[in-house]
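Engineer: Fold the following.
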Amino acid sequence: MKIIIFLLSLFSFHGFAQECSSKANFISAEYEVYSNEVFKKPKLNDNRASISFEFHRNSNRVLQRFSDVGFSNIWRQGSHGRISLLRSFDKYQHAIEYQPNELNHKPNWSSIYQPVPVPNIEKMELIAQTGTGCELTQQYQLKSNGIEYHLIWLPKLALVRYFQIKSSKVNKEWQLSSYQINSQRSASLFTQHANYHSTDYADIGDNESMPFLGKMISQGFSTEQSTSQNPHRHQH
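Structural biologist: Model (predicted):
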């Protein structure tokens, strides 16, 4: 009887783990970013700038939408782990495609899969844990080189609920506003951007007569500017 109960518990745990993994692969999240750094945006009463962004996972694709700056990054992991990028501009309904060998910044999929640039969790100290299943919540902290990191983490969903970087020069916070599983908005955004007119990065110079591409060239558009994963990233 004990063996049967043990086997049933194993099957139950395996099924629950699969459920969480599936949710993590098809998740949408919205974040607010607060910072005393200058983002050239309207500031709050406490002199911190506030911006927002959306994050959408869909299996081997990730969409990062930065409405404040008017573009979205759509990353795709193809065969042999090769990563390509489609950067789309809603105002022009036009996108620029980058093949893996055209990316000046060589990202890894684990950093793209995660919406917020947190340090290596294995190097952080776990100070509290609450909840169960897919809603398991962990709190971490780390102090390194005069910088404090505070993280509230949803490990089963591979999702940051809250993250703070604090030092004598900067205080930046990422706050999860909401998240959904298999949201209709996520599906619509992937379809919308896939339908935009697109140009291969290598062909931009041959199409400068197009108003959109002419403007990109006149603004000094480059691979280094265009392929950074996230305007809100920091260096560790």
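Engineer: what about the strands in this protein?
Structural biologist: With strands called from DSSP state E, the chain shows them at 27-35, 49-58, 61-66, 71-77, 83-89, 94-98, 125-130, 137-144, 147-154, 159-166, 171-181, 197-200.
Engineer: where does the protein have low pLDDT?
Structural biologist: 1-17, 37-48, 205-211, 213-236 (pLDDT under 70).
Engineer: still on that earlier bit, using CSV, please lay out the strands of the chain together with mean neighbour count and distance to Ile112.
Structural biologist: (C-beta placed from N, C-alpha, C; glycine too.) CSV is the format used below for the strands of the chain (neighbours: other Cβ atoms under 10 Å; distance: least, Cβ to Cβ, whole Å):
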stretch, mean neighbour count, distance to Ile112
strand 27-35, 20, 14
strand 49-58, 20, 9
strand 61-66, 19, 5
strand 71-77, 21, 5
strand 83-89, 20, 7
strand 94-98, 20, 13
strand 125-130, 11, 25
strand 137-144, 15, 21
strand 147-154, 19, 18
strand 159-166, 19, 14
strand 171-181, 16, 16
strand 197-200, 14, 20
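Engineer: got a markdown table for the ones you listed, with distance to Ala187 too?
Structural biologist: Putting the strands of the chain into a markdown table (distance: least, Cβ to Cβ, whole Å) gives the following:
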| stretch | distance to Ala187 |
| --- | --- |
| strand 27-35 | 9 |
| strand 49-58 | 8 |
| strand 61-66 | 10 |
| strand 71-77 | 13 |
| strand 83-89 | 16 |
| strand 94-98 | 18 |
| strand 125-130 | 32 |
| strand 137-144 | 27 |
| strand 147-154 | 22 |
| strand 159-166 | 19 |
| strand 171-181 | 11 |
| strand 197-200 | 19 |
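Engineer: who does the closest residue to Arg185 other than its chain neighbours bridge with?
Structural biologist: Leaving out its chain neighbours, the residue that sits closest to Arg185 by Cβ to Cβ, 6 or more residues apart in numbering is Ser28, at 6.6 Å. Beta-bridge partners for Ser28, by DSSP bridges, are His56, Gln180.
Engineer: where's the closest residue to Leu85 other than its chain neighbours relative to Gln77, distance?
Structural biologist: Sequence neighbours aside, Tyr98 is the residue nearest to Leu85 in space, at 4.3 Å (criterion: Cβ to Cβ, 6+ apart). Tyr98 sits 14 Å away from Gln77, going by Cβ to Cβ, to the nearest Å.
Engineer: Over to His94?
Structural biologist: 24 Å.
Engineer: And stretch 162-175, how far out from the chain middle?
Structural biologist: In terms of Cα atoms, centre = their mean, to the nearest Å, the centre of stretch 162-175 is found 17 Å from the chain centre.
Engineer: Output that stretch as CSV, restricted to C-alpha atoms.
Structural biologist: C-alpha atoms of stretch 162-175 as CSV (Å, rounded to 0.1, in the frame of the first residue of the first chain):
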residue,chain,number,x,y,z
TYR,A,162,10.1,42.2,-8.0
PHE,A,163,13.8,43.1,-8.5
GLN,A,164,15.8,46.0,-7.1
ILE,A,165,19.4,47.3,-7.7
LYS,A,166,20.5,49.8,-5.1
SER,A,167,23.8,51.6,-4.6
SER,A,168,25.0,55.1,-3.8
LYS,A,169,24.5,56.1,-7.4
VAL,A,170,21.4,54.2,-8.6
ASN,A,171,18.2,52.8,-7.3
LYS,A,172,16.3,50.9,-9.9
GLU,A,173,13.2,48.6,-9.4
TRP,A,174,11.3,46.3,-11.7
GLN,A,175,7.8,45.5,-10.5
